[in-house]
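Trainee: what's the 3D shape of this:
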Amino acid sequence: MTPAAAAILDGMPDPKDLHRVTADGTTWILAGPVALFCYPEDDAGMRNIAVVTLRQLGYCGQDVAELMGLSENYVATLRNRALRQGTAGVVRQPGARSKLGQADWDRARSWRQAGTSDAQIARRLGVHQTTVTRRLGTRDTQQELPQPEPEHAPGTDLVRAPGTDLVPAPGAGPQASEPVYCRYAGAMLLHAYASHCGAGDILACAAADRDGFRYADVALLAVTSICFALGAATTEQFKHLTASCAGPLAGLAVLPDLRTLRPRLAAIADASDPLELQAMFAAAMLAADPVLSGVYYVDDHFVPYTGAKPVGKGWNNKRGTAERGRADTHVTAHDGRAVCFVTGEPSGLTVTLPLALAELKKAVPAGAAIMLGFDRGGAYPQVFRHCREQEVHWVTYRRAPLAVPAGLPVLSVITVNGRRREVAWAEETVTIKDYGAARQITLSEHGQAALQILTSDTGACPAEILAWLKSRWREENFLKYASQNYGIDKICDYAAAIQANTKMIANPARKAASTAVHRAEKNLAAAREQMAIMLADPAIPAPAKNATLIPAARTSISRAERTLTRARAARDKIPAKLPANQIDPQARTALLRTGRRGLQMILRLLAHNAEHWLSSHLNAYLRDDREYRAITRQTIIRGLAGTITHAPAAITVTLQQPDEPRVARALALLLDEINATPPAMPGDTRPITYQLAAGT
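Mentor: Numbers count the residues shown, from 1 in each chain. Here you go, the predicted structure:
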């Protein structure tokens with residue numbers, strides 16, 4: 001029991017004595033003899049306040065539901081409303097439902113003739129579908145799939161424009177809605193990038209399922225991505241956002257409750273192919289903003305798992321320990337944008353890089369040159385060979401120990417962004433075992449080799465190659481930044497399938513056989529050493545050595561050699577690795593369902609790239625290379641409030657002036673740039689126009 005409940009019931013009977021009494025039109029809620037609430041019997045608002053207060057005092061939902069004669073689900077709904085919206089969420093002013101006139105039904109009949117389904121007509125009119133069927137009559141085809149209607153703004157048939165009645169349908173005449181205050185209005189700028197790369201079409205493909213096209217699902221996916229951009233690392237953290245402010249960012253009246261959001265996201269993920277959606281997103285992004293250098297970076301990212309299922313283990317670099325989890329392999333562009341990713345059980349870059357390259361080749365335009373940059377984790381001949389087979393250039397660091405360069409270093413001056421830097425380097429062609437010839441560039445500092453680079457590109461300028469590999473840290477920065485701000489290392493679904501573990505692991509029998517071989521080798525070495533000591537000992541007469549000691553030593557050596565030969569033959573018959581379930585029939589592993597997390601990852605990467613695009617365009621006017629990302633994220637996207645006005649033909653966003661004058665000037669110029677080609681929300685054709693409120 002909470003301290004508040006204990007204070008109220010001090011000295012009173014146990015909470016099980018909580019009961020309700022109704023007399024003379026008045027309802028009393030008592031705990032033992034203590035009266036907690038008193039309200040008119042027909043006052044639903046006070047009843048809801050009593051329900052919420054009892055839950056806050058520590059009474060369980062089942063007891064409160066039984067006491068009030070309500071369902072447990074409704075009690076939970078009231079409590080969630082109170083947490084999100086306060087008292088206003090549970091005390092709603094009743095209002096008479098407006099009656100539909102003949103003009104409304106005439107309009108509905110014209111919608112049906114245009115091919116609109118009865119379900120969509122019912123949603124527009126705010127009535128049940130059976131009412132539409134009863135009033136307009138039955139169709140020849142009862143089961144109709146809702147289809148997109150290009151003559152009006154998509155999304156308006158399923159959601160209410162914030163602050164207004166239903167958005168007017170075609171032919172209803174222009175009606176402007178009242179501006180709606182939104183504390184997250186700055187996040188509306190994210191639609192500029194989504195519209196720029198055609199994200200709305202991709203989200204529409206994800207939202208299409210067996211029941212037909214659903215505009216509300218497009219808005220749901222869009223608002224989920226925006227919520228990630230607002231700092232919610234998981235869907236669980238969406239409840240900390242103001243629902244009435246987050247929903248309008250994607251054309252919804254309010255942000256759906258978690259009990260609505262989670263099942264629908266799961267249904268969309270289960271009905272779609274996240275890999276196909278990822279390929280579509282990456283291709284659209286690269287088509288909108290091509291990677292002119294052709295350089296991409298690949299690296300692994302460990303995702304820890306804290307559940308109870310037998311998930312495979314991997315190495316967590318952040319903690320320096322082996323932990324259960326998954327491994328994501330991310331591909332980023334030369335400028336730091338996220339391109340694609342693959343996920344699976346922890347392994348290594350030598351295993352995951354070919355998979356990531358396959359996804360990258362789906363996204364880049366046909367015939368485009370690709371240069372892969374990766375760290376020493378992938379610097380192995382099998383990776384180099386795979387890149388050569390795929391006609392892809394590669395660049396990486398040489399694994400230690402560094403080779404001695406064949407020639408003397410050359411001193412060069414490199415100018416980057418107006419800064420001059422002297423670099424001493426030596427270039428040569430080396431032969432890599434199991435691969436062949438490769439280009440090697442040795443970077444020298446203070447007269448010693450500090451770094452060696454291996455690459456398959458023999459024509460690029462050495463300074464350019466050095467710059468490419470130095471920029472590989474953008475991959476590391478992306479992993480760190482996206483983990484902190486977009487939750488890419490979160491596991492959104494703990495559901496997993498338990499099956500036999502068929503992963504190849506070290507064979508204990510092979511280890512035991514190897515131990516026997518090592519023991520036999522030591523015995524043979526000891527026998528030979530004893531014979532050498534005996535032969536060199538001057539105290540032993542030569543006749544004694546020849547007569548007895550030498551034959552005995554040879555016999556001991558021959559016996560040790562035969563033992564070693566048998567041990568090696570026995571070891572060679574035993575496989576080095578076997579499936580885990582062959583070694584231990586009880587071995588099990590948990591395969592996490594990646595579809596749902598894959599869909600969320602696409603939405604997270606969309607939010608990351610949208611911020612990246614927005615900050616880059618802002619910095620063209622701001623000129624602050626150190627703080628422009630933080631200013632975009634914290635000051636504008638998450639910090640600017642404003643108003644959103646939904647009208648039938650357009651959406652207007654009015655943002656408050658940033659406090660810092662230089663940021664306000666840069667933002668004003670950025671808004672002029674965006675307004676030149678107005679974006680639109682995913683699933684909506686209405687253009688969005690941005691403006692700054694008048695300064696105070």
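Trainee: Tell me the helices and strands packed up against whatever helix or strand Val351 lives in.
Mentor: Using DSSP states H and E, Val351 maps to helix 349-363. The elements that helix 349-363 packs onto, with contact taken as 3 or more Cβ pairs under 8 Å, 6 or more residues apart in numbering; DSSP states H and E, are helix 274-288, strand 295-304, strand 321-333, strand 338-344, helix 381-389. Where C-beta positions appear, they are placed from N, C-alpha and C, glycine not excepted.
Trainee: what does it rub up against?
Mentor: 275, 278-279, 282-283, 285-286, 296, 298-300, 327, 329-331, 339-342, 344, 370, 372, 374-375, 377-378, 380, 382-383, 386-387, 390, 392 (Cβ atoms under 8 Å, 6 or more residues apart in numbering).
Trainee: any idea which helix or strand carries the nearest residue to Gly307 once chain neighbours are set aside?
Mentor: Ranked by Cβ to Cβ, 6 or more residues apart in numbering and with sequence neighbours excluded, the top spatial neighbour of Gly307 is Tyr494, at 4.7 Å. Remark: Tyr494 resides in no helix or strand, with elements defined by DSSP H and E.
Trainee: was I right about Arg376 contacting Arg399?
Mentor: Yes. Between Arg376 and Arg399 there is a contact under Cβ atoms under 8 Å: 5.2 Å.
Trainee: what's the spacing between stretch 182-195 and its chain's center?
Mentor: Relative to its parent chain, stretch 182-195 has a centroid offset of 19 Å by Cα atoms, centre = their mean, to the nearest Å.
Trainee: With stretch 642-651 instead?
Mentor: On Cα atoms, centre = their mean, the centre of stretch 642-651 falls 30 Å from the chain's centre.
Trainee: Also stretch 481-492?
Mentor: Remark: stretch 481-492 is offset 6 Å from the chain centroid, using Cα atoms, centre = their mean.
Trainee: Touching it from outside, list them.
Mentor: The contact list for stretch 481-492 (Cβ under 8 Å, 6+ apart) reads 228-229, 231-235, 301-305, 307, 326, 328, 330, 338, 479, 592, 596-597, 600-601, 604-605, 607-608, 629, 633.
Trainee: what's the helix or strand encompassing Ile533 packed up against?
Mentor: Element membership for Ile533 (DSSP H and E) is helix 508-536. Under the contact criterion of 3+ Cβ pairs under 8 Å, 6+ apart, helix 508-536 touches helix 550-572.
Trainee: Quick check: buried residues in the helix it packs on?
Mentor: The neighbour-count check on helix 550-572 (16 or more other Cβ atoms under 10 Å) flags 553, 556-557, 560, 563-564, 567-568, 571 as buried.
Trainee: How about stretch 529-548?
Mentor: 531, 545.
Trainee: Alpha carbons of that stretch, as CSV, please.
Mentor: The C-alpha coordinates for stretch 529-548 follow below in CSV (Å, rounded to 0.1, in the frame of the first residue of the first chain):
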residue,chain,number,x,y,z
GLU,A,529,66.8,-34.6,-24.8
GLN,A,530,67.8,-37.5,-22.4
MET,A,531,69.7,-39.2,-25.2
ALA,A,532,71.6,-36.0,-26.0
ILE,A,533,72.5,-35.5,-22.3
MET,A,534,73.7,-39.1,-22.0
LEU,A,535,75.9,-38.8,-25.0
ALA,A,536,77.4,-35.6,-23.8
ASP,A,537,78.1,-36.8,-20.3
PRO,A,538,81.9,-37.4,-20.0
ALA,A,539,81.5,-39.4,-16.8
ILE,A,540,79.8,-42.3,-18.6
PRO,A,541,82.3,-44.6,-20.3
ALA,A,542,81.9,-45.1,-24.0
PRO,A,543,81.6,-48.9,-23.8
ALA,A,544,78.7,-48.5,-21.4
LYS,A,545,77.0,-46.0,-23.7
ASN,A,546,77.4,-48.3,-26.7
ALA,A,547,76.4,-51.4,-25.0
THR,A,548,73.3,-50.5,-23.1
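Trainee: State the pLDDT value of Gln175.
Mentor: For Gln175, the pLDDT comes out at 38.
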